[in-house]
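Novice: Return a 3D structure for these sequence lines:
(one chain, ligands or ions: 1)
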Amino acid sequence: MKILVTGGAGFIGSHVTKQLLDQSHGVVVYDNLSRGFKKLVDERAEFVLGDLSEKEKLTEALKNIDAIIHMAALIIVPESVEKPDLYWENNVVGSKILLEAMREAGVKKLIFSSSACVYGEPDKLPITEESVIKKAANPYGQTKIEMEKLIEKEHENSGLNAVILRYFNPYGPNELHSPETHAIPNFILSTLNRKPIPLYWNGEQIRDFIYVEDLASAHTAVLSLGGLNIFNVGTGFGTKVIDVVKKIFEIVGYSVPIKNLGERVGDAPSLYTAAEKIKNAISWQSKTTLDQGLEKTIKFFKTF
Ligand SMILES: NC(=O)c1ccc[n+]([C@@H]2O[C@H](COP(=O)([O-])OP(=O)(O)OC[C@H]3O[C@@H](n4cnc5c(N)ncnc54)[C@H](O)[C@@H]3O)[C@@H](O)[C@H]2O)c1
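Specialist: The predicted structure follows:
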């Protein structure tokens, strides 16, 4: 297949692009490099420097494309609180333009990067795809809810085949957000730089950490599906944040001090998915253990 990956110069998109190419798909990466890096894009991919708002450029890039993996978005939660309009414009309006361009170009397949944040603080664990979608805790999360609605509408109105993947907590090589608000890269960088690790709730929170290469493989595995499908993508079990920190110390062979930042309003104590739906539908499940994933991630940050 020939696949266009929006946001393919970013953390997760760079892995998805590589795996598609390894499986002999043709790939066009479409990215404005506002947050991504050209050097993360596999040299075998065609690269188009473009923004989701540039409909003509998108239309041109969509020629002969069979499917789109739509990962381009702004993703930094605190920034979305400061600049909700920017997030709405970039993520929601940008996705609307992409869907219009797809319709006009006759591209009938879309895989979309959504997030577990659409569930807010769940009433019950593990979180399943039937768990209630709540008003999001922040404007970034709300853009994911709105983008899902746009895609569902497009499926109903024009028969778009769509897969919505709700990621839990991805981590791994190439995670270079700025500022970095995610736990694992910050813990690793603090440890490697021998600085204290700032930790909320004494690290007692539970999250479902999914290694990025496993997550990327879910995108290639769902390519053949038709209709509208929604899957949670995680490991299926939760890990305490403090246990991640301890594993990092074990791997590097030393520890650094922990700076307890106390409680943080709005943090759910525990979030992890039931991993059954995607496993039953396409036999996908995560393979990488936390130890293996952390080792590869630490190696990346040591050499980057
Ligand atoms: N990283 C996570 O923890 C996480 C969790 C859940 C969902 N997601 C979703 O996964 C996707 C990828 O996340 P990531 O961590 O790789 O982010 P990232 O910031 O590393 O990559 C996003 C890429 O999109 C590009 N981009 C942003 N807006 C664009 C626009 N208007 N036009 C063209 N390109 C644009 C950026 O330049 C960047 O290369 C996002 O949609 C994100 O919301 C990420």
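Novice: List the buried residues in stretch 218-234.
Specialist: 218-223, 225, 228-234 (16 or more other CB atoms under 10 Å). The way it works is simple: take the backbone N, C-alpha and C, and place the C-beta from them, glycine included.
Novice: Could you give the separation of that stretch from the chain centroid?
Specialist: 14 Å (CA atoms, centre = their mean, to the nearest Å).
Novice: Can you pull the residues of the chain lying near the ligand?
Specialist: 6-7, 9-13, 31-36, 51-52, 71-75, 90, 94, 113, 115, 167, 170, 177, 182 (CB under 6 Å from any ligand atom).
Novice: State the next helix or strand along the chain beyond whichever strand or helix holds Lys18.
Specialist: Using DSSP states H and E, Lys18 sits in helix 11-22. Counting by DSSP H and E, the next helix or strand C-terminal to helix 11-22 is strand 26-31.
Novice: what's the next helix or strand after that next one packed up against?
Specialist: Past strand 26-31, further along toward the C-terminus, the next helix or strand under DSSP H and E is strand 46-49. Here strand 46-49 touches strand 26-31, going by 3 or more CB pairs under 8 Å, 6 or more residues apart in numbering; DSSP states H and E.
Novice: Determine how far the strand it packs on lies from the middle of the whole chain.
Specialist: For strand 26-31, the distance to the chain centre is 17 Å (CA atoms, centre = their mean).
Novice: Under the pLDDT cut-off, which ranges of the stretch 101-250 of the chain? List them.
Specialist: Regions of the stretch 101-250 of the chain meeting the criterion pLDDT under 70 are absent.
Novice: which stretches of it form helices?
Specialist: 139-158, 183-192, 212-221, 241-252 (DSSP state H, counting those that start in this stretch).
Novice: Tell me which residues are up against the third one.
Specialist: The one in question is helix 212-221. Contacts to helix 212-221, defined as CB atoms under 8 Å, 6 or more residues apart in numbering, come from residues 11-12, 15-16, 18-20, 23, 25, 69, 111, 165, 167, 170-175, 231, 233, 235, 278, 282-284, 286-288.
Novice: The longest one now?
Specialist: Contacts of helix 139-158 from elsewhere in the structure, counted by CB under 8 Å, 6+ apart, are 73-77, 80-81, 84, 87-88, 91-92, 95-96, 99, 103, 110, 112, 114-115, 117-118, 120, 133, 135-136, 160-162, 164, 227-228, 230.
Novice: from the buried residues of stretch 218-234, which is closest to the ligand?
Specialist: For the buried residues of stretch 218-234, the residue nearest the ligand by CB to the nearest ligand atom is Val233; the value is 9.0 Å.
Novice: these two touch, right, the closest one and Val163?
Specialist: No - using CB atoms under 8 Å, Val233 is not in contact with Val163; the gap is 10.4 Å.
Novice: who touches stretch 23-41?
Specialist: 1-11, 13-14, 17, 20-21, 42, 44-52, 58, 61, 65, 72, 74-75, 174, 176-178, 220.
Novice: Is it correct that Arg264 falls within a helix?
Specialist: No - counting by DSSP: H, G, I helix; E, B strand; the rest coil, Arg264 falls outside a helix, being coil.
Novice: Test my guess that it contacts Tyr200.
Specialist: Yes - if you go by CB under 8 Å, Arg264 and Tyr200 touch, sitting 4.5 Å apart.
Novice: Perfect, that will be all.
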